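>>> here is a sequence with its predicted model. Questions after.
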Amino acid sequence: MQFLEGLNEAQQKAVLSKDGPLLIVAGAGAGKTKTIVHRICNLVEEGITPTAILAVTFTNKAAKEMRERVLVQLETLPAALRPNGIPFVSTFHSLGVFLLRRFGAYGGEVKRFTILDDADTMSLIKESLQYFGLDPKTNEPRAIRSTISRAANALQTPDQLLKDSNPRNRMAGQVWKRYTALKREQKSLDFDDLLLETVKLLEENETVRAWCHDTWHYIHVDEYQDTNEVQYRIAKALAGARKNLCVVGDSDQSIYSWRGANIKNILEFERDYPEATVVLLEENYRSTKTVIAAANVIVNKNTYRTPKQLFTNNEEGELISVYAAYDENDEAKFIAERCIEIMDGGAKADDIAILFRTNFQSRAIEEALLSYSVPYQVLGVKFFERKEVKDVLSYIRAAQNPDSIVDLKRIINTPVRGIGKVTIDKYFVHGIEGLSGKAAISVRNFFDMLEKIRDFADLHSVSETIKYIIVESGMQRAYKEDKIDGEERLENLEELVTLGLRYDHLEGYEGLEKLLEDATLMSDQDNLDKDSGSGKNKKGAEKHGVKLMTIHAAKGLEFGTVFVTGLEHGLFPHQRDANLTGADAEEERRLMYVAVTRARRKLYLTYASMRTIFGMRDVRLPSEFLMDVPDEYIQRESRSGEAGFTVFL
């Protein structure tokens, strides 16, 4: 049994558990993928036909890595034992496409279908709104689509939404019915349909189920804690009577409830399959003993989890550094200075990660890294490239220069105010004289608003002007109503107000001009052909640099050094209005666990005693997560000659 070599006792148990349901609870850095790969290869070595093995995961990258590792391992078998065919390794969506192409969508009627991209989907949503006499300019199609998507992935129906007490949900249910009819007429499926139609096939069509059960005898589902209701039912249907279902995951790393992931799927696996074998992978191969000890203390405070205790045979490692900054700028400078020290010590820049709970935190950090000439990459969108930030900057430019066509086109209907594409085209060809009725009134109101902004800016500071634009333009209202990503967008706008304070001492329009200049230069500097900013250089080679990202984006990654920033009550754990309780509080704690366990050797935890939010200086309290870590694992840090601003511990 060559595929047991190099595995610990728990991993070997998972590999050898051949028949029946199997739950592998894999802690962070515990060799999860290696265990799945070796289990698949061991099944082949024992005589199972490779094509009878199915493995499903979430991302194309993860599926590609697993497939390649399986093929490499199978190549190590003696030639006489090397099988024909390969296991079916794919994402949930790719599996759906495969089955729907073979058996047909919409009850088996449509085998040749088009998969709608985002633009196609939005076009049909708008068409559905117009069918009911609803104006897409005043009823945000993207928000309606998000409502439909959430309901669909919870296996609700349009009729259920139509009975909802919320009038916006009832409207979404109405639009959903028409949208579904249009897709069916056009023989097309959207991204959600690839799963929804698949689960219908499997649950309602005995022929399809029989084919799947005859084809795939051993089912593997990776990252099971991230499955939603639809994916859960697909896995259950595929397992069938054999119940050879191996699921792998970690309830302590379930951090995507906002996407529809349901932690109960992994926590209640033994209820679904009472005969299941459960294997705990608790040995961590990634991090030092110090990092693991801190991670255990943090996550053990949760109650809704599968009990386990990570351990490692790695070295004790360095203590966890805690820096209590005076404010967000002090915090950012400390991080930049430590990055320089770490790189001077021989570490590569791209083996350092700076993690934050919310995107707006990146602004001060980006600025500090640039000023210290530290190469960096932002995973996601840089602060000044974020749509809502660019919108406000366009309002400033358009208010001062009504001839700036680029800015006018960007914001004339942002947020939506009933000015459609035809009206916009007519205005830029014929001017206001070419418009009539409601269109003319809407455009005049827009330019009246720009004049108000210009007058306000003449008498007020930069930060006050930005606040005024956020409210007067309707952006604040629109983002408060957007339950998908509106909160994050508002936080980014609040950070722009905070940045505006820096220019408040300048008189008149000078402050706004300086803000616009600095924003433009920072964006240009990010794109220079050197190792700052993200992207590629002129030769197409990937640039290297310190990685900046949200903790959600960091899941599955690891780095030699990790900074976890903004550890303040209300920021991380994150909350805007009320105290976190129950499931939300536990998910925030799991997010902290994920952040900590990204570090292989060195972990920094930072927070600010003062932070400027929406232009207001706010005294901050340290996060409860900081106080969870025992003193024996911590060392206090200070900047050279600057002691920070300790208020706790």
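All right, it came through fine.
>>> how much distance is there from stretch 378-397 to the middle of the chain?
Averaging C-alpha coordinates over stretch 378-397 and over its chain gives two centres that are 19 Å apart (C-alpha atoms, centre = their mean, to the nearest Å).
>>> so which bits of that stretch are buried?
The neighbour-count criterion (16 or more other C-beta atoms under 10 Å) identifies 378, 380, 382-384, 386, 388-397 as the buried residues of stretch 378-397. For glycine as for every other residue, the C-beta is placed from the backbone atoms N, C-alpha and C.
>>> equivalent analysis for stretch 117-136, please.
Residues 121, 122, 124, 125, 126, 128, 129, 134, 136 are the ones in stretch 117-136 that count as buried (16+ other C-beta under 10 Å).
>>> list just the nearest of the buried residues of stretch 378-397 to residue 89.
residue 380 (27.8 Å; C-beta to C-beta).
>>> the closest one and residue 254: what is the separation?
Computed with C-beta to C-beta, to the nearest Å, the distance linking residue 380 and residue 254 is 21 Å.
>>> and the one helix or strand residue 14 maps to, what other elements does it pack with?
Taking DSSP states H and E as the definition, residue 14 sits inside helix 9-16. Helices and strands in packing contact with helix 9-16 are listed as helix 32-45, strand 277-281; criterion 3 or more C-beta pairs under 8 Å, 6 or more residues apart in numbering; DSSP states H and E.
>>> just so I know, which of those lies nearest residue 435?
Closest approach to residue 435 among these (C-beta to C-beta): helix 32-45, 59.7 Å.
>>> for the protein, which strand is longest?
Longest strand of the chain, by residue count under DSSP state E: strand 599-608.
>>> centre of the chain to that one, how far?
21 Å.
>>> strand partners of that strand, parallel vs antiparallel please.
Based on DSSP bridges, the strands next to strand 599-608 in the sheet, each with its direction, are strand 320-325 (parallel), strand 559-564 (parallel).
>>> what's the closest of these to residue 479?
The minimum distance between residue 479 and the strands paired with strand 599-608 falls on strand 559-564, with 26.9 Å, by C-beta to C-beta.
>>> and the closest one, average pLDDT?
For strand 559-564, the per-residue pLDDT values average out at 98.
>>> name the residues that touch it?
Residues external to strand 559-564 that are found in contact with it (C-beta atoms under 8 Å, 6 or more residues apart in numbering): 335, 338, 342, 347-348, 351-355, 547, 551, 572, 592, 595-596, 598-606.
>>> give me the ChimeraX select line for those, limited to the buried ones.
Selecting only the buried entries of the contacts of strand 559-564 in ChimeraX, with 16+ other C-beta under 10 Å as the criterion:
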select :335,338,342,347,351,352,353,354,355,547,551,572,592,595,596,598,599,600,601,602,603,604,605,606
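>>> closest one of the buried residues of stretch 378-397 to residue 620?
When the buried residues of stretch 378-397 are ranked by distance to residue 620 (C-beta to C-beta), residue 383 comes first, at 20.5 Å.
>>> quick one: that closest one and residue 364 touch, right?
No - the criterion here is C-beta atoms under 8 Å, and residue 383 misses it with residue 364 at 9.1 Å.
>>> next, the buried residues of the host helix or strand of residue 210.
Take DSSP H and E as the rule and residue 210 turns out to sit in helix 206-215. For helix 206-215, the buried set under the neighbour-count rule, 16+ other C-beta under 10 Å, comprises 208, 209, 212, 213.
>>> okay, and the closest residue to the second one other than its chain neighbours sits in which element?
Spatially, and ignoring its direct neighbours in sequence, residue 209 is nearest to residue 202 (5.8 Å; C-beta to C-beta, 6 or more residues apart in numbering). Counting by DSSP H and E, the element that carries residue 202 is helix 191-204.
>>> what's the spacing between that helix and its chain's center?
24 Å.
>>> please renumber the chain so that the first residue is 22 from this point on.
I'll keep to 22 as the first residue from here, and by that count the last item is helix 212-225.
>>> quick one: contacts of that helix?
Identification of contacts with helix 212-225 by C-beta under 8 Å, 6+ apart yields 113-114, 116-118, 120-121, 124, 126-129, 136-137, 142, 170, 173-174, 176, 204, 210, 229-230, 233, 251-252, 254-255, 258-259.
>>> how big is the angle separating it from helix 227-236?
Angle of helix 212-225 versus helix 227-236, following axes from the mean of the first three to the mean of the last three C-alpha atoms, to 10 degrees, is 90 degrees.
>>> centroid-wise, who is the farthest residue in this structure?
Relative to the centre of the chain, and counting by C-alpha atoms, centre = their mean, the farthest-placed residue is residue 454 at 46.2 Å.
>>> how much space is there between the closest residue in space to residue 381 that isn't next to it in sequence and residue 357?
In space, residue 381 comes closest to residue 516 once its chain neighbours are excluded; the distance is 3.9 Å by C-beta to C-beta, 6+ apart. Using C-beta to C-beta, one gets 18 Å for the distance from residue 516 to residue 357.
>>> just the buried residues of stretch 138-157 now: which is nearest residue 492?
Out of these, the one with the shortest distance to residue 492 is residue 157. That distance is 24.1 Å, counting by C-beta to C-beta.
>>> ok, that closest one to residue 144 distance?
Counting by C-beta to C-beta, the separation of residue 157 from residue 144 is 10 Å.
>>> can you check residue 421 too?
The span separating residue 421 from residue 144 equals 35 Å under the rule C-beta to C-beta.
>>> and stretch 578-597, what's buried?
Neighbour-count burial for stretch 578-597, with 16+ other C-beta under 10 Å as criterion, is recorded at 579-580, 582-595.
>>> what's next to the longest helix along the chain, contact-wise?
Among all segments of the chain classified by DSSP state H, the helix with the greatest residue count is helix 458-480. Contact partners of helix 458-480, identified using C-beta under 8 Å, 6+ apart, comprise 416-417, 419-421, 423, 433, 438-441, 444, 447-448, 453, 456, 485-486, 489-490, 493-494, 529-530, 533.
>>> repeat that for 7 Å
Contact with helix 458-480 is made by 416, 419-421, 423, 433, 438-440, 444, 448, 453, 456, 486, 489-490, 493, 529-530, 533, as judged by C-beta atoms under 7 Å, 6 or more residues apart in numbering.
>>> please list only the buried members of these.
For these, burial is judged from neighbour counts taken by 16+ other C-beta under 10 Å, and it is met by 416, 419-421, 433, 438-440, 444, 448, 456, 486, 489-490, 530, 533.
>>> let's see which of the residues you listed end up in strands.
Applying DSSP E to the buried ones among the contacts of helix 458-480, no entry is found in strands.
>>> which single one of these is nearest to residue 165?
residue 439 (16.6 Å).
>>> in terms of pLDDT, where does the nearest residue to the closest one once chain neighbours are set aside sit?
Spatial nearest neighbour of residue 439, chain neighbours left out: residue 158 (4.5 Å); criterion: C-beta to C-beta, 6+ apart. Confidence per residue is given as pLDDT, and for residue 158 that number is 74.
>>> what sits against residue 158?
Contact partners of residue 158, counting by C-beta under 7 Å, 6+ apart, are 434, 437, 439, 440, 441.
>>> equivalent analysis for residue 111, please.
77, 84.
>>> and it, what are its bridge partners?
Following DSSP bridges, residue 111 is listed with bridge partners residue 77.
>>> mind checking pLDDT for it?
According to the model, residue 111 scores 93 on pLDDT.
>>> could you do residue 88 as well?
According to the model's per-residue confidence, residue 88 sits at a pLDDT of 94.
>>> again, but for the one 4 residues further on
Looking at residue 92, its pLDDT reads 93.
>>> isn't it right up against residue 108?
No - checked against C-beta atoms under 7 Å, the pair residue 92 and residue 108 is beyond contact range at 9.0 Å.
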